[in-house]
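S.K.: sequence plus the predicted model coming up.
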4 protein chains.
Amino acid sequence: MDDISIYSKQGFGNSSGFGGTPALLIVDFVNGFCDPECFGGGNILDAVNQTRLLLDQARKSNLPIVHTRIVYEEDSADNGVFCEKVPGLERLTETASIGQIVEPLKPRKGEHVVRKTQPSAFFGTGLAAWLIGKNVSTVVVAGCTTSGCVRASVVDSMSYNFKTIVVSDCVGDRAMGPHEANLFDMGQKYADIHTCKETINSIIKLQSAV
Amino acid sequence: MDDISIYSKQGFGNSSGFGGTPALLIVDFVNGFCDPECFGGGNILDAVNQTRLLLDQARKSNLPIVHTRIVYEEDSADNGVFCEKVPGLERLTETASIGQIVEPLKPRKGEHVVRKTQPSAFFGTGLAAWLIGKNVSTVVVAGCTTSGCVRASVVDSMSYNFKTIVVSDCVGDRAMGPHEANLFDMGQKYADIHTCKETINSIIKLQSAV
Amino acid sequence: MDDISIYSKQGFGNSSGFGGTPALLIVDFVNGFCDPECFGGGNILDAVNQTRLLLDQARKSNLPIVHTRIVYEEDSADNGVFCEKVPGLERLTETASIGQIVEPLKPRKGEHVVRKTQPSAFFGTGLAAWLIGKNVSTVVVAGCTTSGCVRASVVDSMSYNFKTIVVSDCVGDRAMGPHEANLFDMGQKYADIHTCKETINSIIKLQSAV
Amino acid sequence: MDDISIYSKQGFGNSSGFGGTPALLIVDFVNGFCDPECFGGGNILDAVNQTRLLLDQARKSNLPIVHTRIVYEEDSADNGVFCEKVPGLERLTETASIGQIVEPLKPRKGEHVVRKTQPSAFFGTGLAAWLIGKNVSTVVVAGCTTSGCVRASVVDSMSYNFKTIVVSDCVGDRAMGPHEANLFDMGQKYADIHTCKETINSIIKLQSAV
């Protein structure tokens, strides 16, 4: 990718910063996306493990926490074009084991679980309203896949004018090419890319400033 | 990208098809995105030239046609996080030369021009409603950049359950790596990827079937 | 309301018509809105009874059918301003008896059930996308309350450019003043107001025309 | 409206309060809505005069300020169902005199002007994102008409979880019946209703608390 030097020449890749009142958004870390025989693979399990650290800190700091799951109705009444492109998605129902959030990141009482049928955590959901209700300015994003639901959620988060942080080692994908390509796109245009360690430090620093 | 074989193994990349009542969506083919000294470069000019053929057919077939432009207010009142990530976007104002649709694709009377401040043609605009009012089922997408506003618009088009066609030689980007990576992502998960020639044939065939 | 003659003088109240491909949208006919000791009262039970006839026809004609329910999370994680204005709404949870759709209108397999936390059936839900996926042009609205969730859903339906029909004897409210006032507003500006009988005739006529 | 006692019995009409960081939203105070020969009449001119006081205070207090206008394209390319219900709306174009914001409330540099084609200031616009970018928690609403674009905007503002204040003497309508009926609905379910004087005092108090 030699020709990507044009991005810096044209002024892309500036930082939008880490603003006040962050929320943690964990996208689609469900069993089926952690299983290479289903929709998983690549570095997704590593990302789950790192996200555990991030989630611990978010809980300690009392940040608003949101988890997302893809959930289709049992009778397929709400299947759409996404299920035509990726047959099998419709098996992610309310009760299916592959659709449950992975054990190490199980939501606790008071954490918001967004059910969605589309890639973005914001599309056709109450997420934007929920974040407004919590006075959130910054959305910290973990989850999978980097090239799918994470990317779509990050574009919408930025479009809603939330300062958006993608935690590079807390997002994962079933293949590394798309993972890297999408981190590049997001960092250039939509979000700041921080490591888990950097993000935890930012959260701690923000708290001690209050 | 050897590991992407996992996509076909997991059932990605199925076709969602070319449904009835297509509309043509031309994303951000404005002067500033055709100039390598501004936000242009790569294969964008080639894509403009090909899109001229597609637009000619769409006009002949009386398809609903939409053009998008990024437009910010002169006094910067509506700048947001996108302008922080990519300083200079805010120069794309109503009257700025860099913000005007390129001469060969100038909108005609009755074609809808969507002004937007975010990557997706659907975000914060009346585009979904406009397409519903025209009974559109299929959205055919040309424009730039493949890795930016085209990708964001395609994800939203699919999320709204429009069958979505990305016209591979009518979309362009300032660098080929992101162009190719995003065509891959879109073809696997959100849209069918057709050439300009294939798309024109589909439009003609659909018409003769009526 | 003598001064409302100004509406006809200024050209309000025109018909937007009954277009092709209607869907039936039944708003919030749940137990709690049929019980005067909870959120019910007025003419809501009459509206339920009439809606049964409309639903029968819609099923016979294979129209796309959507039901809505207000559903909040058991742990109140997604309560917001609406629950502050109307305490008690948060009791409408997934399993609460007051939140279940009334027995005579129980959804059948393939009918879409939209869970929502706000007045409009479209806000923060996948309803617009679902209707697009079914190629719907006209939304026929029954439900309760006329002055609340019906009104909000009708405004959004029209805003999405669906031709919108409010079925006057299939919508109900806990008090008749707001019921009448909102039928007036909707008929003047957003929707055509038809009786159940007229609507059933329109559906039958449309089918025989196919 | 004797039967409306049921509202208090069922717990409606609670206060959602005046939260931090208010913004002022002035809906559709354009020439055509102030002229009884066009879409005006009733108490709209009185509301404009009162809004001047509110706007002065909002400017003094440096609140984020938004004005809305209905704007359709000159060639009618974006007309929809709303224009079918209310023929003549399509004359509200970018340059038409009837579509301009009234002289006493002319927007100043840095105030955001939202162009819309639907009743709600939020529908198909970037308003929610703009308010998020300004960290707004409370939306104070003036404008016209109470039973039309104000009501629609208030429902959406509340749905986005903004605490919403309707300023009773800064909203107006062409006829008093719908004006009163909609103030009732909004006060019971969506917003707190304050006078201009009360609102100005709340803004001043909030500032001195900082």
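M.R.: Received the coordinates, thanks.
S.K.: may I ask you to name the longest strand in chain A?
M.R.: For chain A, the strand that runs over the most residues, judged by DSSP state E, is strand A:163-172.
S.K.: near chain D at all, it?
M.R.: No. Residues of strand A:163-172 contacting chain D under C-beta under 8 Å from any C-beta of the partner chain: none, with a closest distance of 9.4 Å. (Glycine included, C-beta is placed from N, CA and C.)
S.K.: quickly run through the sheet partners of that strand, with directions.
M.R.: The pairing partners recorded for strand A:163-172 under DSSP bridges are strand A:138-144 (parallel), strand A:192-194 (parallel).
S.K.: so which of those gets nearest residue A:208?
M.R.: Comparing these by their distance to residue A:208 (C-beta to C-beta), the top pick is strand A:138-144, with 16.5 Å.
S.K.: after that closest one comes which helix or strand?
M.R.: helix A:151-159 (DSSP states H and E).
S.K.: using PDB, list the CA coordinates for the longest strand of chain A.
M.R.: Backbone C-alpha positions of strand A:163-172 (Å, rounded to 0.1, in the frame of the first residue of the first chain) are rendered in PDB as follows:
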ATOM      1  CA  LYS A 163     -15.500  11.400  19.800                       C
ATOM      2  CA  THR A 164     -14.800   7.800  19.000                       C
ATOM      3  CA  ILE A 165     -11.900   5.600  20.200                       C
ATOM      4  CA  VAL A 166     -11.200   2.300  18.600                       C
ATOM      5  CA  VAL A 167      -9.200   0.100  21.000                       C
ATOM      6  CA  SER A 168      -6.800  -1.700  18.600                       C
ATOM      7  CA  ASP A 169      -6.200  -4.800  20.600                       C
ATOM      8  CA  CYS A 170      -9.800  -5.100  21.800                       C
ATOM      9  CA  VAL A 171     -11.200  -5.400  18.300                       C
ATOM     10  CA  GLY A 172     -10.800  -8.500  16.200                       C
END
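S.K.: what angle separates that strand from helix A:151-159?
M.R.: 170 degrees (axes from the mean of the first three to the mean of the last three C-alpha atoms, to 10 degrees).
S.K.: which parts of strand A:163-172 are buried?
M.R.: The neighbour-count check on strand A:163-172 (16 or more other C-beta atoms under 10 Å in any protein chain shown) flags A:163-172 as buried.
S.K.: deepest in the core, which of the strands paired with strand A:163-172 is it.
M.R.: Compared across the strands paired with strand A:163-172, strand A:138-144 shows the largest average neighbour count, a mean of 28 (mean count of other C-beta atoms under 10 Å in any protein chain shown).
S.K.: quick revisit: would TSV of the buried residues of strand A:163-172 with distance to residue B:49 and pLDDT be doable?
M.R.: TSV is the format used below for the buried residues of strand A:163-172 (distance: C-beta to C-beta, whole Å; pLDDT from 0 to 100):
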residue	distance to residue B:49	pLDDT
A:163	39	98
A:164	35	98
A:165	39	98
A:166	35	98
A:167	41	98
A:168	38	98
A:169	42	98
A:170	43	98
A:171	37	98
A:172	39	98
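S.K.: what is the nearest of these to chain B?
M.R.: Chain B lies nearest to residue A:163 out of the buried residues of strand A:163-172, by C-beta to the nearest C-beta, at 6.0 Å.
S.K.: so how far is residue B:85 from that closest one?
M.R.: Separation of residue A:163 from residue B:85 (C-beta to C-beta, to the nearest Å) stands at 10 Å.
S.K.: between the two, what contacts are shared?
M.R.: residue A:16 (C-beta atoms under 8 Å, 6 or more residues apart in numbering or on different chains).
S.K.: sorry, back to before: of all the buried residues of strand A:163-172, which comes closest to chain C?
M.R.: Nearest to chain C among the buried residues of strand A:163-172, with distances taken as C-beta to the nearest C-beta, is residue A:164, at 19.8 Å.
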